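Asker: Sequence unavailable; structure follows:
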């Protein structure tokens, strides 16, 4: 084995930029996934306001399983492919980040045994952390802001003793606002 084969292969910068461009094109800068997630958070907030916080927890938990398919449906409806090349080197990071996020959700469920609001605040932190990786995946710095705002909201809601409905509504407003911004930005770039 020579020294060259022992070294880790480093992708050239243009390869990473092309991979990011492929994800941006395939998923509309990720905007429709963010909108889909914000919609699930809104439904959970409405359930918390009008039914119960326990039911809202399960609404977000099970509704979260529909975020990706719903985002893909929205993508198809607006003419975005909703996929990426199997050769895209960032494709693995998409799956790895998703698995990491899923592995963290039981922590939020455990928090709900102490306080239902903590489930939503924990999920804001988990999802905010997930969005930080989207900055690398898509090459869009706005995802750092989205992740930071969700994390800051989680801490603020915790210290202000925000209830489950307000906590879920906060997640919804933040994600829907950023999702709409990302989508309009994507459409503007497409029209240029």
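Answerer: All right, it came through fine. If you're wondering where the values come from, they're calculated on a predicted model, not measured in any experiment.
Asker: Look through this structure and tell me its longest helix.
Answerer: Using DSSP state H, we find that the single longest helix of the chain is helix 164-191.
Asker: Show me which positions of that one end up buried.
Answerer: 164-172, 174-176, 178-179, 181-183, 186 (16 or more other Cβ atoms under 10 Å). Using the backbone N, CA and C atoms, a C-beta is placed for each residue, glycine as well.
Asker: Tell me where this structure has strands.
Answerer: Taking DSSP state E, the chain contains no strands at all.
Asker: Any stretches of it with poor pLDDT?
Answerer: Scanning the chain for pLDDT under 70 picks out the ranges 1-13.
Asker: Leaving out sequence neighbours, find the closest residue to residue 44.
Answerer: Take residue 44 and drop its neighbours on the chain: the residue closest to it by Cβ to Cβ, 6 or more residues apart in numbering is residue 60, 4.0 Å away.
Asker: cool, residue 127 as well?
Answerer: residue 150 (6.0 Å).
Asker: and that neighbour, how far is that from residue 158?
Answerer: Using Cβ to Cβ, to the nearest Å, residue 150 is found at 13 Å from residue 158.
Asker: Could you tell me which residues touch both of these two?
Answerer: Listed contacts common to residue 150 and residue 158 are nil; contacts here mean Cβ atoms under 8 Å, 6 or more residues apart in numbering.
Asker: More neighbours: these two, which one.
Answerer: Neighbour count, other Cβ atoms under 10 Å: between residue 150 and residue 158, residue 150 has more, with 24 against 17.
Asker: isn't that one right next to residue 124, touching?
Answerer: Yes: at 4.9 Å, residue 150 counts as touching residue 124 under the criterion of Cβ atoms under 8 Å.
Asker: Can you pull the residues that touch both of these two?
Answerer: Common neighbours of residue 150 and residue 124 (Cβ under 8 Å, 6+ apart) are residue 171.
Asker: Spatially nearest residue to residue 124, not counting backbone neighbours?
Answerer: Residue 124 sits nearest to residue 154 (Cβ to Cβ, 6+ apart), 3.8 Å away.
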